[in-house]
Every structure is written in C-alpha cells, then in structure tokens.
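Enquirer: Sequence and predicted structure, then a few things I'm wondering about:
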Amino acid sequence: MYRTHTCGELTAADINRKVTLSGWVQTIRDKGFVIWVDLRDRYGITQLIFDAERTQEDVIKKAQKLGREFVIQAIGTVIERASKNPNIPTGDIEILVEELQILNGAKLPPFTIETETDGGEELRMKYRYLDIRRAPVRNNLIFRHKVAQHVRNYLSQKGFIEVETPYLIKSTPEGARDFVVPSRMNEGQFYALPQSPQTFKQLLMVGGMDKYFQIVKCFRDEDLRADRQPEFTQIDCEMAFVEQEDILNNFEGLTKHLLKEINGVEVTDFPRMTYDDAMKRYGNDKPDIRFGMEFGELNQVAQHKDFNVFNSAELVVGIAVPGGNSYTRKEIDNLIDWVKRPQIGSLGMVYVRCNEDGSFKSSVDKFYDQDDLKAWAEVTGAKAGDLICVLSGEIDKTRAQLSALRMELASRLGLRKANEFAPLWVIDFPLLEWDEETKRYHAMHHPFTSPKPGQMQLLETNPGAVKANAYDLVLNGNEIGGGSIRIHDKAVQSKMFDYLGFTKEEAQAQFGFLMNAFEYGAPPHGGIAFGLDRLVAILGGQETIRDFIAFPKNNSGRDVMIDAPASIDKQQLDELHLKLNL
Ligand code: ASP
C-alpha cells in the first residue's frame, strides 16, 4: 500500500499512529543531526523528521540523498511537533520516519514549486505539470471542477439532459474563422471544428429533447486577443417551447445558484438593461455596474459656445470621477496621455475640477463659464471634490473610449472589487451589425437568432434598427453568457440568409440540413451559452482564464509544453492529400 493517509489530513488526534505517506519532496532542511522534509501531495503538506537519535542510520543516509521533487514513500509514527505551524492543518504534528523508499528521483525543477514561485509565466507553461503541483494552480482546477459539478447537478435537477454533439462537423458561424481538419478518406474535403454546438442543439430541439445542456469545448480561430483561448469551454444550453422570459428566468436561477453555493452571495433579481441603454449609460454592452460613474451626454450643455472641438462632435460625453479633484496636474496630464494612446485613440480630454467651495476650474475656461460647468456637473452627477472627464467625437468611438477610461479609473480607485458581484441582463440587441470591411450587415449574434416579433418588415427599410430576441448575461463587466430565441420557421430562416448576403445555393449547401429539419415540426426554441472559463475565473475572484485551464495556450495560441502547432511529416501530408506551398 503506497499510503494510509494523505499529506493533508494528520493532526494531533493521530499522535502515536503508524502511517504511510507518499508524495513529493517540497523542501529539505538538513541540520546534520536532524533532517526535516516537507512532503507534499494534492491534499497538503506534512513534515517528516529524521533524527540521529531515533532514526536508523541507513534511513538517514537515504534521506540525505533526497532532492526537491523526489517522489518518496515514508513509513513512520505521528509525533507532536516541537515548533508548531498554525498556518497549515497538519502543523501540530510531524512523522518520525522509520522506513523511506525513493519511488522516483527528479531533476531539479526549473522553478520553485511553492505558492509564491520564482518562475515566469512562459517557463511555468512549458512545465505546466510542475506548475499544477503548486497550490494556487491546483486549487483553481479543483475550483473549476466544483463549479462544473454545481452546473451539472443544478441543470440535471431541472430536467436538462447532457448530450454530446460531434466535434468533426461543418462550419457553424459564430463570427470567427473555423479550425479545419482535412479528411484522409475524402480527398480535398475538410471537417470544421465547432465554434459552438449551435446547429446541433437546435436539431436536438427538433428531436424533442426539450431541455439540453452540455459542458463542451468550442474552437474559434480568432485573431488573438489578451486572455482568449482558441479552444475554450461553454456551458451550452437550449430549451424548446420557451420565450425569452423563460430563458432569462431559468439561467438567472443557475447563476444565482452558483453565486450562492460557490461564493455565498445572495443576489436578488438581476436588473435588465436594453442594449441601447447600456451603450448610452456605459458606452459598453457589458457594463460593470458595481460602481457608478455613468455617462452624462453633454451635447445640449456644451455645444452652445465657440469651442469647435465640441461643436463639430457627434457626441460630447463625460463621467464624474469620485474624489478626482485631488489629482495633481501631472496626474491629469497622465490621464490625458492615457486616453491618447493608440489603443484608446482619443484626440484629447477636457476636464473640470469640482472644487470643495462649489466652484469649477476647467481646461476650457476660455469657452465656458461657471454656469455652463455647473450644468455639466449636473448632467454627469459630479459632486464637490470630483473630476469630470469629457471626451468628444464620433458616437461609437467616443463611447468606447470613455468606457475604457471609466474602467481604468474604477480599477485605479479600487471600485472593481473581486468579491462583489453585480450581474445583469443586457437585452434587445440589434439583429444586425454593419461591417465596414465587407460593407455588409452581419448577424450580431448568429444567423439563427430571431428578430423581435413584427420587425421582419423593418429589415427591408432600416436593417440596422431591427432588434433581436437576443440577450447577454453580464457579470462585473464581462459577458459571461449570451443567447437568443431562434428562428424555427424555414421561410424566415431562408429569408434571413438572403438578408445576410448568402445566395440560395450557399445557404442550402451550408445550412440545408437545418432548414430541412425545420420542415419536420420544429418547436419554438431558444437557448444560451456561458463561457465556463471566464465564469470560473470571475467566481474565483480572478481575471485570467488561463489560470483556470489545466493546459492553456499562450497569448500566441501556442501550447509551449507540447510545442503545438507543429509541422507534420510528408507521409502524413500525402495521406491527407495536402501539398504545402511554403
Ligand atoms: N451559440 C451561441 C454562442 O456560442 C450561444 C447561443 O446562442 O446559445 O455564443
């Protein structure tokens, strides 16, 4: 038997017990007459002691040969520790070792396997299996398991059935490129890896499965952005015979359940905000509502003077930064530089200091008097002691810029607290989104999303104004889930493909299977998918999804541990009927 106990469970209650432990050597302290070894496994750390007076010489000799990360088995007796460590559960005891087996040696690890490590990110990714031995990474994986387990239990209890859908499929458009897999048996043909199981879950509804979920890998070949993974996990869900209200209620229930069980936080009903409102008030379709700093649109109170920058702008909009009047001139200049960075792209920033005595001092005093500035303070909700930051320009861009500034300032002010949770639904998304590059409308969500009832006509006259039965669940400034009520009528779906610029042939070739299915009794249906990686990270009070994925890719989409992607040999290429053109 390799072990009678784990390294995390022995306490003073076990004193005098004879035990066998197995694990990894974390640290060795050799004082000559006595050697202490910290033995680690998944469950914790237990101190082993070898001492010249009580331990046999051959055992001591073996102990002297140990190195960090050796895998060993120790048999001994639990004794009380002379100097106790109140920080760990096993801190009152140690094991006086009588027999020692070296189960496997280990090279010196390239970084320290401790909670605080000296290893940089890339190095730890390369030796991820060593990183996983560290408590923070291990705990994150265990945490993820716990979240997934709660999701499975909750949904199963509500009558959802977990069904697996295939990975080797044909393109499902979710707005990214497909990863493709060449077919050896079908020369010149390719499978696509699913960007989501979207079409399959809809087919399951046609199949009468009624309530489906799946914790599932999705693959999207997107240009890499910070903290995106080319493969990621969704909690994918679909229901038949539902309206938007049913979906929102069901998955608000799931989210509340998770917040309660995982974080001990009870959230009452989630607020709902229309997309238009979110853009107007926060410049963003995934607003962080843990703090205020709402946008105040200033066109009316700022476009009546000779300040041309504002007069020529589509939108003049500001936020009140609480306590911001304490910023020095230099700090404000830094903020101005911050919004002018190419990543943000603002041309400048106007600011107003709200003095304690009720007066104002702005960077545009030449153009605006105290009454004007007072009106700005009213619109932005600024109080004495605040700083008003104002940006102007084209609507969409300016909103995005001010939203970035709002988030940055909130982080700096400590307003984005990891243990505070403010979920909300953003609803009534536009159905279509104009794409400058292709000069065409694209489905904002995906082509299977239904327009709001009665808006089909509007598609002909003002496509950009059509709203969809689509919703996002937003938590602390992150989109953690999104979905829609689907089209379940063949004629409507076919028309939608027309609007999106598919020819009849293209639509038939790509999605004929779905439209055919709609001819055999498709029930009304809708669903949602949560991004599990992000959800777990947020519930865990952290920002980086990589930290919650066992074997993540780096920011260039590479697995630096196994070194993928990699080239394949000529024979494999030939079998796949592929010729490289390098
Ligand atoms: N398939 C969608 C997505 O991946 C989610 C949904 O509409 O249910 O975003």
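Expert: Looks like it came in fine.
Enquirer: tell me the centre residue of the protein?
Expert: Arg534 (2.1 Å; Cα atoms, centre = their mean).
Enquirer: And that residue, how far from Lys504?
Expert: Per Cβ to Cβ, to the nearest Å, Arg534 is found 38 Å from Lys504. Where you see a C-beta, it was placed from the backbone N, CA and C, and this is true even at glycine.
Enquirer: From the structure, what's the count of residues near the nearest residue to Ile35 once chain neighbours are set aside?
Expert: Closest residue in space to Ile35, ignoring its immediate chain neighbours: Phe50 at 4.4 Å, by Cβ to Cβ, 6 or more residues apart in numbering. As a burial measure, Phe50 scores 27 neighbours (other Cβ atoms under 10 Å).
Enquirer: my guess is Phe50 contacts Gly32, does it?
Expert: No - using Cβ atoms under 8 Å, Phe50 is not in contact with Gly32, being 11.2 Å away.
Enquirer: need the longest helix for the chain.
Expert: Counting residues, the longest helix in the chain under DSSP state H turns out to be helix 135-157.
Enquirer: what does the stretch 401-550 of the chain put close to the ligand?
Expert: 482-484, 527-529 (Cβ under 6 Å from any ligand atom).
Enquirer: Nearest to Gly318, out of the residues you listed: which one, please.
Expert: The nearest member of those to Gly318, counting by Cβ to Cβ, is Gly482 at 29.8 Å.
Enquirer: Check which helix or strand the closest one maps to.
Expert: Using DSSP states H and E, Gly482 falls within strand 478-485.
Enquirer: Kindly report the same for Ala537.
Expert: helix 532-539.
Enquirer: now swap in Gly23 and tell me
Expert: Using DSSP H and E, Gly23 sits within strand 18-30.
Enquirer: So for that strand, mean pLDDT?
Expert: Mean pLDDT, strand 18-30: 97.
Enquirer: Any buried residues in that strand, and which?
Expert: 19-26, 28 (16 or more other Cβ atoms under 10 Å).
Enquirer: got a list of what the closest residue to Met239 other than its chain neighbours touches?
Expert: In this structure, Met239 finds its nearest non-sequential neighbour in Lys211, 5.3 Å apart by Cβ to Cβ, 6+ apart. By Cβ atoms under 8 Å, 6 or more residues apart in numbering, the contact set of Lys211 is 155, 158-161, 238-240.
Enquirer: Show me which of those are buried.
Expert: Buried members of the contacts of Lys211, counted by 16+ other Cβ under 10 Å: 155, 160, 238-240.
Enquirer: Among those, name the ones in helices.
Expert: Using DSSP H, the buried ones among the contacts of Lys211 in helices are Leu155.
Enquirer: could the buried ones among the contacts of Lys211 go into CSV alongside distance to the ligand?
Expert: Shown next, in CSV, are the buried ones among the contacts of Lys211 (distance: Cβ to the nearest ligand atom, whole Å):
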residue, distance to the ligand
Leu155, 14
Phe160, 14
Glu238, 7
Met239, 10
Ala240, 13
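Enquirer: is the residue of the stretch 201-350 of the chain found nearest the ligand in a bridge, and if so with what?
Expert: Nearest residue of the stretch 201-350 of the chain to the ligand, counting by Cβ to the nearest ligand atom: Gln234, 6.2 Å away. Gln234 has these beta-bridge partners by DSSP bridges: Val216, Gly531.
Enquirer: re the thing from before, buried subset of the residues of the stretch 401-550 of the chain next to the ligand as a ChimeraX selection?
Expert: Here is the ChimeraX command that picks out the buried ones among those, judged by 16+ other Cβ under 10 Å:
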select :482,483,484,527,528,529
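Enquirer: which among the residues of the stretch 401-550 of the chain next to the ligand gets closest to Ser567?
Expert: Ser567 has its nearest neighbour among these in Ala529, at 33.8 Å by Cβ to Cβ.
Enquirer: if we can go back for a sec, residues in contact with the helix holding Ala537?
Expert: For helix 532-539, using Cβ under 8 Å, 6+ apart, the contacting residues are 140, 143-144, 147-148, 151, 215, 229, 232-235, 258-259, 262-263, 475-476, 478, 480-481, 543-545, 547-549.
Enquirer: Can you say which helix or strand has the closest residue to His150 other than its chain neighbours in it?
Expert: The shortest distance from His150 to any non-neighbouring residue, by Cβ to Cβ, 6+ apart, is to Glu261 (5.4 Å). Using DSSP H and E, Glu261 falls within helix 244-263.
Enquirer: contacting residues for the closest residue to Asn311 other than its chain neighbours?
Expert: Nearest residue to Asn311, sequence neighbours excluded (Cβ to Cβ, 6+ apart): Gln303, at 5.3 Å. Contact analysis of Gln303 by Cβ under 8 Å, 6+ apart lists 310-311, 313, 316.
Enquirer: In ChimeraX, select just the buried ones from these.
Expert: In ChimeraX, a selection of the buried entries from the contacts of Gln303 looks like this (16+ other Cβ under 10 Å):
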select :310,313,316
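Enquirer: Go through the contacts of Gln303 and name the one nearest Glu433.
Expert: When those are compared for distance to Glu433 (Cβ to Cβ), Ala313 wins out at 23.3 Å.
Enquirer: Touching, that closest one and Thr398? I think so.
Expert: Yes - Ala313 is within contact range of Thr398, at 7.4 Å (criterion: Cβ under 8 Å).
Enquirer: Could I get the full set of helices for the stretch 251-400 of the chain?
Expert: Here the stretch 251-400 of the chain has its helices, by DSSP state H, counting those that start in this stretch, at 275-282, 299-302, 308-311, 329-340, 370-380, 395-412.
Enquirer: now the ones you listed as TSV including mean pLDDT?
Expert: As requested, the helices of the stretch 251-400 of the chain are exported to TSV (pLDDT from 0 to 100):
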stretch	mean pLDDT
helix 275-282	98
helix 299-302	97
helix 308-311	98
helix 329-340	97
helix 370-380	98
helix 395-412	97
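Enquirer: of these, which approaches Arg177 most closely?
Expert: helix 395-412 (23.9 Å).
Enquirer: what comes up buried for that closest one?
Expert: Residues of helix 395-412 classed as buried under the neighbour-count rule (16+ other Cβ under 10 Å) are 397-407, 409-410.
Enquirer: The residue of the chain most remote from its centre in helix, strand or coil?
Expert: Here the chain reaches farthest from its C-alpha mean at Glu53, the gap being 55.0 Å by Cα atoms, centre = their mean. Three-state call for Glu53 (DSSP: H, G, I helix; E, B strand; the rest coil): coil.
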